[in-house]
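Asker: what follows is a predicted protein model with its sequence.
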Amino acid sequence: MGNSNSAIPPEIEKFEANTPLTRQEIIQAFQQFNDIAKYYRRTPHKDGTIRLLVKDVKKAVPQLSDNPLGTRIVKIFSIDGEHVEFVDYLEMVSAFSRQADRQTKLDIAFLLYDYDNDGCLGKNDLTRACRKMANSKSLDKDLVETVADLTLRESDLDGDHTLSKFEFEQILATVPNFHELFRFEVTDLRLK
C-alpha cells in the first residue's frame, strides 16, 4: 500500500462496468475493506488476496451488526461461507445500494430465507428466518410454526408446501417500497 494508487482497487474499470456503483463508491468500499483488514490484522494470502472473516465484516459494518440477519447477509456474499474477499464485499455493498435494481434485491432477499440452499422456501426456512428476524430463540415454537404455516398456505400457489422464487416475489410485490427498504449504505465503520 505504499504507492499513490493503493487507495484504488486494481480492477476498478471492471468493477465500474459490472456494478451500479460510481467510481468514488467503489474506492470508498475498497478503503473500507482495507480498514477492516488492517483493524483485524488480516494479511494477504499466498495468492495476494486479503480475506476477512464473516464475523469481522458483520462487526465492522453497523448496518450488519445491528441487523439480526447480518451474519446471514455476509455469508451469502462470502467466497466460502467463512471468508470475504474485496470482490465479495463490493458485491454486497452494490446489492444493497440505492442504485441496485429491484430484481437483484429480490434475488438476495430470497437467498436470505433459503437457509438450506435448495432453491425453495420450506417451513424450516421460514421458521428459522422468523426466529432470526425476531432476534430470539425463545419465541413460542407454536407461534413461529403458525406464522410459517399461514405464509405457506396463503402464498404457495402450486400446492407443493414450499415457496418458489416466483411465489416469494409475489409476496414482496405487495410491499410497494421494498426496493427502498431493502438497502443500506456503508458510510462509517465500527472499528473499536
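Answerer: Now that the structure is in, tell me what you want to look at. Numbering: from 1, shown residues only.

Asker: could you check how far Ser97 is from Leu181?
Answerer: Using C-beta to C-beta, to the nearest Å, Ser97 is found at 14 Å from Leu181. Placement of C-beta: from N, CA and C, glycine included.

Asker: out of those two, which sits in the busier spot?
Answerer: The neighbour comparison of Ser97 against Leu181 (other C-beta atoms under 10 Å) goes to Ser97, with 20 against 9.

Asker: what pLDDT does Ser136 get?
Answerer: Per-residue pLDDT puts Ser136 at 63.

Asker: which non-adjacent residue is nearest the residue nearest in space to the middle of the chain?
Answerer: Nearest to the mean C-alpha position of the chain, by C-alpha atoms, centre = their mean, lies Ile73 at 3.0 Å. Excluding the flanking residues, the one nearest Ile73 by C-beta to C-beta, 6 or more residues apart in numbering is Leu64, at 6.1 Å.

Asker: does that neighbour touch Ile76 like I think?
Answerer: No: using C-beta atoms under 8 Å, Leu64 makes no contact with Ile76, being 11.5 Å away.

Asker: which residues touch His161?
Answerer: 122-123, 152 (C-beta atoms under 8 Å, 6 or more residues apart in numbering).

Asker: low-scoring stretches of the protein, by residue?
Answerer: Counting by pLDDT under 70, the ranges of the chain that qualify are 1-6, 135-138, 192.
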